[in-house]
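Chemist: What follows is a predicted structure for the sequence shown.
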Amino acid sequence: MLSVHPSCVLRSAVQRAFLFTLLGVIGLCPEMEAQKLSGEEAVYADGEAKIPLTDELQFGVMMHTQGGGVTIRKGNYKGASRIGWFGADLILLKHPKEIKISNPIYENGRSYVYGKQNAFQMLRLWRGHQKLRSEKLRKDAVRLSTHWRYGFTLGVLKPVYLEIGYPDIPYDYIATEVYDANAHFSDNIYGQASWSNGLDQLDLVPGLHMSYGLDFEYGNERFEQRTLSAGIACDAFLSPPEIFAAGFEQNRRLFVTLFATFELGRNWTR
């Protein structure tokens with residue numbers, strides 16, 4: 001029986017290791033190349049996936065517990081697991097006590113909220129930080145992240161206009177007037193006037209915004225994004241926005257809402 005000297009075995013192993021390393025360095029060894037891929041690169045191992053991403057841009061729609069709106073955000077990667085954001089939201093917010101009613105005599109009149117003085121919208125301008133919590137392990141998986149956002153909120157009040165019947169029921173004519181709690185009552189309000197009335201009489205209320213949420217990003221394309229987000233938002237104003245007229249519902253300066261968004265976007269490398 002042939003015997004192999006231990007020194008020969010050691011020399012052969014060293015030679016194989018050296019050759020394996022050399023081929024891996026110059027890119028001719030697929031085993032070594034596969035070992036370099038991890039995380040998102042292993043999911044999207046298509047040649048381009050090895051280039052680090054630098055930017056993201058997303059647009060979306062938002063629903064929250066007191067209305068809805070639209071959102072846009074632009075992000076810059078701050079490493080493998082963090083993104084810095086800045087963005088804007090345009091939000092319609094309703095007072096939780098808003099209840100629509102209509103004129104019981106004239107069915108053609110549009111419904112309205114009795115006592116509502118102003119329609120209220122919010123423009124948020126914010127910065128934010130996103131932290132990756134769970135990376136995709138395959139193309140059809142979901143990437144989980146958390147985010148904080150903070151910034152300014154500009155509340156926009158637009159007067160409510162109503163169609164008022166004169167002199168009494170049955171009305172002889174109908175006039176469009178800004179709502180006056182001291183003159184307009186359920187028996188002479190025909191209905192809500194067009195929303196475009198009052199756009200030249202806007203009033204602004206400054207405030208601050210903060211929110212926290214979860215982002216669920218999914219999809220099979222590395223450079224295209226579909227994201228579902230859910231969380232809690234807080235908007236605080238220097239003075240209570242006058243949504244209801246005095247003597248009806250209490251106006252408040254702090255609004256806490258739960259929200260959900262659906263966003264589409266792209267990311268790229270500069």
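Modeler: Alright, I've got the coordinates.

Chemist: and stretch 261-270, which residues are buried?
Modeler: Neighbour-count burial for stretch 261-270 flags 261, 263, 265, 267 (criterion: 16 or more other Cβ atoms under 10 Å). Heads up, the C-betas are built off the backbone N, CA and C, glycines and all.

Chemist: where exactly do the strands run in the stretch 101-250 of the chain?
Modeler: With DSSP state E, counting those that start in this stretch as the criterion, the stretch 101-250 of the chain has strands at 112-113, 118-134, 142-159, 161-166, 173-178, 189-192, 203-218, 224-237.

Chemist: Check what pLDDT residue 42 gets.
Modeler: Among the per-residue scores, residue 42 shows a pLDDT of 45.

Chemist: actually residue 26, sorry about that
Modeler: Predicted confidence (pLDDT) at residue 26: the value is 43.

Chemist: ditto for residue 230
Modeler: In the predicted model, residue 230 carries a pLDDT score of 98.

Chemist: can you tell me which residues contact it?
Modeler: Residue 230 is in contact with 213, 214, 258, 259, 260, 261, counting by Cβ atoms under 8 Å, 6 or more residues apart in numbering.

Chemist: at 7 Å what do you get?
Modeler: Counting by Cβ atoms under 7 Å, 6 or more residues apart in numbering, residue 230 touches 213, 214, 259, 260.

Chemist: same question, residue 192
Modeler: The contact partners of residue 192, by Cβ under 7 Å, 6+ apart, come to 110, 111, 112, 162.

Chemist: Now with 8 Å, please.
Modeler: 109, 110, 111, 112, 160, 161, 162, 163 are the contacts of residue 192 under Cβ under 8 Å, 6+ apart.

Chemist: Same question for residue 82.
Modeler: By Cβ under 8 Å, 6+ apart, the residues touching residue 82 are 129, 130, 131, 132.

Chemist: Show the buried residues in those residues.
Modeler: Under a neighbour-count criterion of 16+ other Cβ under 10 Å, the subset of these counted as buried comprises 130, 132.

Chemist: quick one on the thing from earlier: could you write me a PyMOL select line covering just the buried ones among the contacts of residue 230?
Modeler: The buried subset of the contacts of residue 230, as determined by 16+ other Cβ under 10 Å, is captured in PyMOL by this line:
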select buried, resi 213+259
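
Chemist: So which of the contacts of residue 230 is the closest to residue 229?
Modeler: residue 213 (5.1 Å; Cβ to Cβ).

Chemist: what domains does the record give for the chain?
Modeler: Each structural domain of the chain that the record assigns through automatic domain parsing is listed here as a residue range: 1-36, 52-268.

Chemist: weakest of those domains in terms of mean pLDDT?
Modeler: Comparing the domains of the chain on mean pLDDT, the least confident stretch is domain 1-36, scoring a mean of 48.

Chemist: and the strands of the stretch 101-250 of the chain, which is most packed in?
Modeler: For these, ranked by mean neighbour count under the definition mean count of other Cβ atoms under 10 Å, the leader is strand 112-113 at a mean of 22.

Chemist: Of all the strands of the stretch 101-250 of the chain, which one is nearest residue 65?
Modeler: Shortest separation from residue 65 across those is recorded for strand 224-237, at 9.6 Å, computed as Cβ to Cβ.

Chemist: before we move on, back to that, which one of the strands of the stretch 101-250 of the chain lies closest to residue 67?
Modeler: strand 118-134 (8.9 Å).

Chemist: List the buried residues in stretch 87-97.
Modeler: Of the residues in stretch 87-97, those scored as buried under the neighbour-count criterion (16+ other Cβ under 10 Å) are 87, 89, 91, 93, 94, 95.

Chemist: Which phi and psi values does the second one adopt?
Modeler: Spelled out, that is residue 89. For residue 89, the backbone dihedrals are phi -130, psi 140 (criterion: degrees, to the nearest 10).

Chemist: wait, doesn't it sit right on residue 121?
Modeler: No. Taking contact to mean Cβ atoms under 8 Å, the distance of 10.4 Å between residue 89 and residue 121 leaves them out of contact.
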